[in-house]
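K.L.:
task: produce atomic coordinates for the following.
(2 chains)
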Amino acid sequence: MAAIFILPQTAAAQDRQKTYGGRIEWYQNPVSGREGGVKGTVVNRNGRVPVADAVVALYHGDELIARASLDESAQFLFSDIDNGDYRLVVGAPGFNSTEVNVKVEGFVRDLVFVSLVSAQKTMTEFDESSFMEFDMDDSGYDDAPSLLYGNDVYSNIAGYGFSAIRFKNRGYASESQEVYLSGVKMNDAVTGYTPWSLWSGLNEAMRSKETTIGNEVYDYGFGGYNGVTNILATPSSVRKGWRFSALTNSALYRFRLMATYASGELDNGWSYAFNVSARLGGNDWVKGIYYRSFAYYAGVEKKFGDMHRLSLVAFASPTNRGAQNASTQEVYDLVGDNMYNSNWGYQDGKLRNARVRKTHEPVFILKYTATPLDNLEASATVTYRTGKNGYTALDWYDTYDPRPDYYRNLPSYFWMQDSDYGRNSYEKYAWAQEAWLTNYNSTRHINWDRLYNVNSHNLDADGLGRSKYIIEERRTDQNDINLNGSVKWQAKDWVTLTGGLNWRWNKTEYYKIADDLLGGDYYINIDQFAERDFASDPAMIQNDLDYYFANGSAQRLFAGDKYGYDYFANVRDAEIWANASFEKGHFRGYAALQGGYSKFWRDGVYRKGLFAGLDENGNEIISPATGNVLTVYDKDGKAITSKGRSDVADFFTYSAKIGASWFFTGGHRVYANAGYFNDAPTFNQSFISPRTRNTLVPNLTTTKTVSADINYTYSNNGYDLRLTGFWTKIMDQTDMMSFYDDSQNSFTNFAMTGIDQRHMGIELGFEIPLYLQNVFLQGVLSWGEYIYTSTPHMTQTIDNSAEVIIDNQPVTYWKSHPIYRKTTVDGIVTYDKDAGGNYILEKDQKHYVPSTPQLAADLGIRYRSNSYWFVELNGQFFAHSYLDMNPLYRTMTAVAGPDNAMTDAALEEHSRNWFLNETIQDNMGLSPQEIEYMAAQEEFDPVFLLNASVGKSWYIDRKYNFGFSLEVKNILNNRNVKTGGYEQTRLIDSESRTRYYRFDPKYFYMSGVNYMLNLYFRF
Amino acid sequence: MKRIFNIKLTAAAMLSSALILSSCEEFTPVFTGKYPEPEQWSPVEMVVTHTIAELAGMYTPGKAFEIEDAIVISGKVSTSDQAGNFYRSLYIQDETGGIELKMGKTGLYNEYKPGQTVYVACKGLWLGMYGYDDDEAYGGAGMVQLGFEDPTGEYETSYIEVQYLIDQHIFRGETGEPVEPVAVAEQDLPGQWDTQADNQYVGRLVTLSGLTYGNEIFTLLYVNPNLDHKTSGNRVFLSDQTHGVTTWAMSEQKVKEHLQAGDWDAVYIGNSRDYTYGTVGDAKNKETLLKYAAPANVSQYFKMGEKEIQIRTSGYCRFADLEIDPDVLAGKKTIDATGVLTMYQGNIQFVLLDQTGVKVNE
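P.N.:
Alright, predicted model coming up:
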């Protein structure tokens, strides 16, 4: 049948239609004057959230009468139709289509809700903790899902299916993903990290969510370039009824029990809901990991008339969780297991993990929503987050490193094939290897018994044991208040205005406590790193100089006492934004603006001996024991202080977004978005050494991002497809790290500014019904190039002093490094030279944004029977994943080695076009071998994975629902899949003294074959 | 109703089977309760076959060797690395002498207490000497040590270092009272070629009384410690006079202070017959020295009667920057020193355990 596309003729019809958003294509002319019709809202069965971009086709018999393409409100209305029996076929991208039979009898029948079931993973448990939580504070690791799936065919598959490999959508850092709770942005104020762990274990209460992808705008916020996820979290959004589930799995924790109840909206306008869960035990793959994690959620909501709605929600996820650690390949090979974890050991025969996350951070949400007019909705929300967030670790004083995989305990420390390493005792290598292979005296693990014995053996004159090893708990305790207001106003039938205000107040205390003295009686609050350099001055080694002045000695610490460092991060953010959306016929478009102001400062509680600053009267502070002046000054002549308020760093930011889309008949849509973003740096990137001083990173500036995407979607007759091309450039990022630099023989702070990167690529997601009924072929492809595009500058300072080692110098090999042409004869490599004696550049090797596959693909077959069976099999391929780079290895100091004598002119010329000749090599110590060795970035091997899942649910009396799902991942049991890792920052001196060698990098691996079985019962 | 009951039953059955499934696997052995205190370590006792002097007597200068016999020695720990003047090694002593065990671990005092008995099963370890020089006039004996093979040949022994090796050779016995230092008279001091086999005081904790200051130090700095330590152009010798050094040793800060004060500006870089690299005071040299300044070991020269005693102190130790009493430096007062008597190329090098080893005589 040739589709005749006719817009409704009458103005009245058009108006009515506009009230409901979206467009209707009529295939038969509607007849005005008829009273009959049908209307409703298409919602997700989970939480009754409107499903955007749904298509509702109205049939009379087999004859297509009209097709409505709905907007975000998901409301539809077919009016002016004859009486009779009709069939509605309702579908939406990412949902299983459904059919509803309707009888039209001379009035507009209101179906209220037509609910759709998500096409994907309705039976698979999605748990934020599925995202392996690696806890590498210093390596950029965090525990966040790569992206959340909403109604998008691509995200549906990639969001869950790519999590095990730690896929980052479009290569973006997870901080760029904006996560909202009840319309309030909850990304961590101090770090920007996504806050999933706050509600992990509350899957049911937090199930209802809305998502946008890439640059798209969102109704309740401006969003960034990496999508917005808004978790509704209100009691009325929790699925009505009781639900119990039990889950066991072999890759995370052993067991989870969960119970949920939601009242739905009662006749009196009240709704309430609760959700509790417990997650317990370890897993089959990584020893030492365990969960003792609970979660609770309670919410109450009241609707007052048609206009007001008030809700109050409280939840938290009190958790103790043993963490995993990365090790070098040497260690994994010695143990014969890539899932080896060095964090644990036996204490009196009991397994104990030294690194435990201990958190309990309750969140409260008070939300008020008003709809004074049909076309006006406004809301005001307050959130409050508080509680404790701790992470334990071993701390030790004046004794050796207790970690089993410390490099001096490994065979490679004693012998390396290349004698230039100066590691030449093969015999010791063999003994160390023997100890590891046989696990002699628990070589592979922390020897807790020894630590206790050392502590109790160390009696002082009073007969008390001074602990040499303790467990410290690093605390990051937040108090975070958000005030948020937003308005949505449909000003005209073709224009909707949304806008809002946010204000955030955050005060976070960073400190540590002596958590467990491990059999000793006390510990002492001094800075052992300062003591190494300044042992002769007792004032300089004080963590808390004021205590020392008052008491004449450093504080003796008992379990639970604060020590080490103590400071507050203070953050204040304000933001205003507005968005105008237009809709006319086949066109939809928007333009949005945002302006913000953010400021932060550090407030030190301790006065450290190293950075004593000035006293209350502005006088220098003198060490009583030695008479030394403790006050030190920076290069601008300002006293460096650890106590009190730092300078305030503040930033004005502004961003803009624009987008347009065009709907074609037959389910095709083309749309494009573009945005410019200006983001303030976060607190944690902005201080040189926040634990010890108030000094801000020099040259702090906002990060600028330009991003654009163009998309095509097709959704019709069960076919679902999205193809996207994207391009993003991120500029002027800052990074801050602290590490021991062997070339300086000191602990140093390394601030890197001006980091630019470019992300571009394509995304494809599709779902195709096969000829067999209920069988679908589905797949996704994410193929991009995410690279560094600038030469950042760095400033390196000594942690223990005011000394600046390197002041704003380029990190020469950050974005790429040269590869020169070479000839290999009998295994001997010689670099070719041209007639002028210059090395011949063969390639400029790019360096890539790490820790995500830049090529990721998934192809699967899915079957869903009419009797609620569900089977899926899919294969995945990942490639072009790179190891996180350590900037030290890309500096000239590390590359050229101790004999580095590069002049400024030579460096300038070399940086411009990688010019290098023998003269430079001989006189300035830079050789092609050194560059290729030190600056290169590791690329991980490609990976193929096979996964399957099966599930079934039973409905009894339309009231009771019982079901299970079983998922088996990595069926081929591939245990060599690197999911990330990091380069160590240490250097090995060479015997020749002309170069450095790297320490081995550390890796994380994905679990081998693992299952997840979920049973649920609900009514 | 019955049907619903059945469903509930099935649900219960499946739930419990899930529980069983999970408990069939080791229900994670990570213990999360209150951990029990581990058992206390208990001291070892072994049959001793040789004295330290007997063991040292098996050594021939220049001929380090692997001990192949089942020799067991024992002694009490006489040193502590707590103050940092001993580093990665400790001395044990019996009545016949003391010997250094090159352990290769830091914080040894935490597990090897002064006065604690230590047994060494020597088979498989190496006996060698540090500081031997066969030059008839200027050379002499060094110290016989127990360590492991040094395949580079640079030294006669290396650190044992591997925990597995330590566990098989070094055994901790009863703790006890710290060793009492022995007063040694000038005539009992070891001669140029004496080792632990010849003189019972070598390697033991002793007190030398009435030392007068010798107005001389010896220290070796490296212009850039990251470059070759043997190249003449990378070395600076401060010797033959005091060079303004009035502390037992020099921390990095102290070295910088001297450099900045210009105390050593006139000192030539290089060996005495190779003064072609300019002086410390040359701007370029000074800049490099300051940039790479590192703690420096210092030998402060004293005299016990006619005998020269070098008190050698590490730049990394906690009392490195401790000022020597000006009256001592001026020759107005003498000191009594308590520490370990060691030999280096025939000279007496005296190593303090900590600053309490120096007593100024009024």
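
K.L.:
can you map out the helices along the stretch 101-250 of chain B?
P.N.:
Here the stretch 101-250 of chain B has its helices, by DSSP state H, counting those that start in this stretch, at B:163-169.

K.L.:
point out the residues in it that sit beside chain A.
P.N.:
B:105-107, B:110-111, B:113, B:148-152, B:158, B:161-165, B:167, B:224-228 (Cβ under 8 Å from any Cβ of the partner chain). Placement of C-beta: from N, CA and C, glycine included.

K.L.:
of the residues you listed, buried ones?
P.N.:
Neighbour counting over those (16 or more other Cβ atoms under 10 Å in any protein chain shown) leaves B:105-107, B:110-111, B:113, B:148-150, B:158, B:161-165, B:224, B:226-228 as the buried ones.

K.L.:
so which residue of the stretch 101-250 of chain B comes closest to chain A?
P.N.:
Per Cβ to the nearest Cβ, B:Gly107 is where the stretch 101-250 of chain B lies closest to chain A, at 3.2 Å.

K.L.:
so which of the buried ones among the residues of the stretch 101-250 of chain B next to chain A belong to strands?
P.N.:
The strands, defined by DSSP state E, take in nothing from those.

K.L.:
how close does the one residue sitting closest to the centre of chain A sit to A:Pro195?
P.N.:
The centre of chain A sits closest to A:Ser174, judged by Cα atoms, centre = their mean, with a distance of 3.4 Å. Between A:Ser174 and A:Pro195 the computed distance is 11 Å (Cβ to Cβ, to the nearest Å).

K.L.:
do the same with A:His60
P.N.:
Applying Cβ to Cβ, the value for A:His60 to A:Pro195 is 50 Å.

K.L.:
go on, A:Pro235?
P.N.:
To A:Pro195, A:Pro235 is 20 Å away according to Cβ to Cβ.

K.L.:
more neighbours: the two, which one.
P.N.:
The neighbour comparison of A:Pro235 against A:Pro195 (other Cβ atoms under 10 Å in any protein chain shown) goes to A:Pro235, with 25 against 21.

K.L.:
what is the lengthiest strand in chain B packed up against?
P.N.:
Longest strand of chain B, by residue count under DSSP E: strand B:205-222. Strand B:205-222 sits against strand B:182-183, strand B:235-238, strand B:298-304, strand B:307-313, strand B:334-344, with contacts defined as 3 or more Cβ pairs under 8 Å, 6 or more residues apart in numbering or on different chains; DSSP states H and E.

K.L.:
what helix or strand is B:His258 on?
P.N.:
If you go by DSSP states H and E, B:His258 is part of helix B:252-261.

K.L.:
give me the mean pLDDT for the helix or strand harbouring A:Ser965.
P.N.:
Counting by DSSP H and E, the element that carries A:Ser965 is strand A:960-969. For strand A:960-969, mean pLDDT is 91.

K.L.:
chain center to the next helix or strand after it: distance?
P.N.:
Per DSSP H and E, the first helix or strand lying C-terminal to strand A:960-969 is strand A:978-982. When distances are taken as Cα atoms, centre = their mean, to the nearest Å, strand A:978-982 is centred 15 Å away from the chain's centroid.

K.L.:
using CSV, list the CA coordinates for strand A:978-982.
P.N.:
Output of strand A:978-982 as CSV, limited to C-alpha atoms (Å, rounded to 0.1, in the frame of the first residue of the first chain):
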residue,chain,number,x,y,z
LYS,A,978,43.9,-7.8,30.2
THR,A,979,41.3,-5.3,31.2
GLY,A,980,43.7,-2.6,32.3
GLY,A,981,46.6,-1.8,34.5
TYR,A,982,49.2,0.8,34.8
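
K.L.:
that one packs against which elements?
P.N.:
Applying 3+ Cβ pairs under 8 Å, 6+ apart, one finds that strand A:978-982 contacts strand A:1002-1005.

K.L.:
in the helix or strand just after the strand it packs on, what's buried?
P.N.:
The C-terminal neighbour of strand A:1002-1005 among helices and strands, as given by DSSP H and E, is strand A:1010-1018. Residues A:Asn1010, A:Tyr1011, A:Met1012, A:Leu1013, A:Asn1014, A:Leu1015, A:Tyr1016, A:Phe1017, A:Arg1018 are the ones in strand A:1010-1018 that count as buried (16+ other Cβ under 10 Å).

K.L.:
can you give me the distance of the fifth one to chain B?
P.N.:
Yep, that's A:Asn1014 we're talking about. Note on A:Asn1014: its distance to chain B, by Cβ to the nearest Cβ, to the nearest Å, is 9 Å.

K.L.:
same deal with the first one?
P.N.:
The spacing between A:Asn1010 and chain B, counted by Cβ to the nearest Cβ, is 12 Å.

K.L.:
spatially nearest residue to that residue (excluding sequence neighbours)?
P.N.:
Nearest residue to A:Asn1010, sequence neighbours excluded (Cβ to Cβ, 6 or more residues apart in numbering or on different chains): A:Ala251, at 3.7 Å.

K.L.:
likewise for the fourth one?
P.N.:
Excluding the flanking residues, the one nearest A:Leu1013 by Cβ to Cβ, 6+ apart is A:Leu966, at 4.9 Å.

K.L.:
contact partners for that neighbour?
P.N.:
Residues in contact with A:Leu966 (Cβ atoms under 8 Å, 6 or more residues apart in numbering or on different chains) are A:Ser949, A:Val950, A:Gly951, A:Tyr1011, A:Met1012, A:Leu1013, A:Asn1014.

K.L.:
just the pLDDT for the residue in the stretch 801-950 of chain A positioned nearest to chain B.
P.N.:
Chain B sits closest to A:Pro898 of the stretch 801-950 of chain A, with a gap of 3.6 Å, by Cβ to the nearest Cβ. Looking at A:Pro898, its pLDDT is 91.

K.L.:
same question, A:Lys1002
P.N.:
Looking at A:Lys1002, the pLDDT reads 94.

K.L.:
quick one: contacts for it?
P.N.:
A:Lys1002 touches A:Ala326, A:Ser327, A:Thr328, A:Gly981, A:Tyr982, A:Gln984, counting by Cβ under 8 Å, 6+ apart.

K.L.:
redo these as TSV? Include neighbour count and pLDDT.
P.N.:
Shown next, in TSV, are the contacts of A:Lys1002 (neighbours: other Cβ atoms under 10 Å in any protein chain shown; pLDDT from 0 to 100):
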residue	neighbour count	pLDDT
A:Ala326	24	92
A:Ser327	25	95
A:Thr328	19	97
A:Gly981	25	91
A:Tyr982	21	91
A:Gln984	20	91
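
K.L.:
out of those residues, the closest to A:Val38 would be?
P.N.:
Ranked by distance to A:Val38 (Cβ to Cβ), the contacts of A:Lys1002 are led by A:Gly981 at 57.1 Å.

K.L.:
what sits against A:Pro318?
P.N.:
By Cβ under 8 Å, 6+ apart, the residues touching A:Pro318 are A:Ser293, A:Phe294, A:Ala295, A:Thr359, A:His360.
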